[in-house]
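Enquirer: Have a look at this fold, sequence not included:
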């Protein structure tokens, strides 16, 4: 039976519990992982927490997905993890990470405007509505924010970008929450500015306007950085 032991965030604790099962040999290479529902019940967490943990483990190369069959332990269950250099979270690190997002996510938004289908748009719209409805609940709104941007990544129809997005979002989870809290503290209506930016980005993708989608993605990322008191360099 899986057990949670570390007093970290729920996602980190689920990741740790799954890694412990792998390290112990109870989950061997190429074994099928229990379903999201089974893990949620065993660990007494929500399925969204399990899903986030599984996404992180997939991004780390610990798990692999087999279409229609679920998640499996990879042949290299220790994973192949890439991590950004860190200087104890100083603002210069966040500037560089946001700059990477600028380079990549503006192009992803442009491609998503060309390749998105109705299922992609429905997923974006659902996440956007969740952000609006739960704007005063930072954890819920932040999860919906992640879902919105992941839907854009998936709309690009490029698995490599989706995997990179899953890795990057883990690096920026704390920054995203801080941005929402700063926005709520300094603007009437909480995160209204961020919601308007998301709405504009969604509409550009829905309209199939690649140039406007890229511009909206850049505007949103720059505004998000400013909510963290970061000044991003201009894109040449």
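Expert: Received, thanks. Predicted model only: the values in this text are computed from it and were never measured. Numbering: from 1, shown residues only.

Enquirer: Which parts of this protein are helices?
Expert: 10-24, 36-43, 47-59, 91-115, 118-133, 138-155, 159-171, 173-186, 192-206, 210-227 (DSSP state H).

Enquirer: low pLDDT regions in this structure?
Expert: 1-8, 78-92, 169-190, 236 (pLDDT under 70).

Enquirer: Okay, domains of the protein per the record?
Expert: Using automatic domain parsing, the domain parsing of the chain gives 10-73, 91-227.

Enquirer: would CSV of the helices of the chain with mean neighbour count be doable?
Expert: (Each C-beta comes from the backbone N, C-alpha and C, glycine too.) Listed next are the helices of the chain as CSV, based on neighbours: other Cβ atoms under 10 Å:
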stretch, mean neighbour count
helix 10-24, 18
helix 36-43, 16
helix 47-59, 21
helix 91-115, 19
helix 118-133, 16
helix 138-155, 21
helix 159-171, 17
helix 173-186, 17
helix 192-206, 19
helix 210-227, 20
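
Enquirer: and residue 73, which of these is closest to it?
Expert: Nearest of the helices of the chain to residue 73, taken as Cβ to Cβ: helix 10-24 at 6.1 Å.

Enquirer: Check which helices and strands that closest one sits against.
Expert: helix 36-43, helix 47-59 (3 or more Cβ pairs under 8 Å, 6 or more residues apart in numbering; DSSP states H and E).

Enquirer: And these: which comes nearest residue 101?
Expert: Closest to residue 101 of the helices and strands packed on helix 10-24 is helix 47-59 (Cβ to Cβ; 15.6 Å).

Enquirer: on that earlier part again, distance to residue 124 added to the helices and strands packed on helix 10-24, as TSV?
Expert: Output for the helices and strands packed on helix 10-24, formatted as TSV (distance: least, Cβ to Cβ, whole Å):
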stretch	distance to residue 124
helix 36-43	22
helix 47-59	17
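
Enquirer: what's the offset of stretch 93-103 from the middle of its chain?
Expert: On the basis of Cα atoms, centre = their mean, to the nearest Å, stretch 93-103 sits 15 Å off its chain's mean C-alpha point.

Enquirer: Quick check: phi and psi at residue 75.
Expert: With angles defined as degrees, to the nearest 10, residue 75 sits at phi -70, psi -20.
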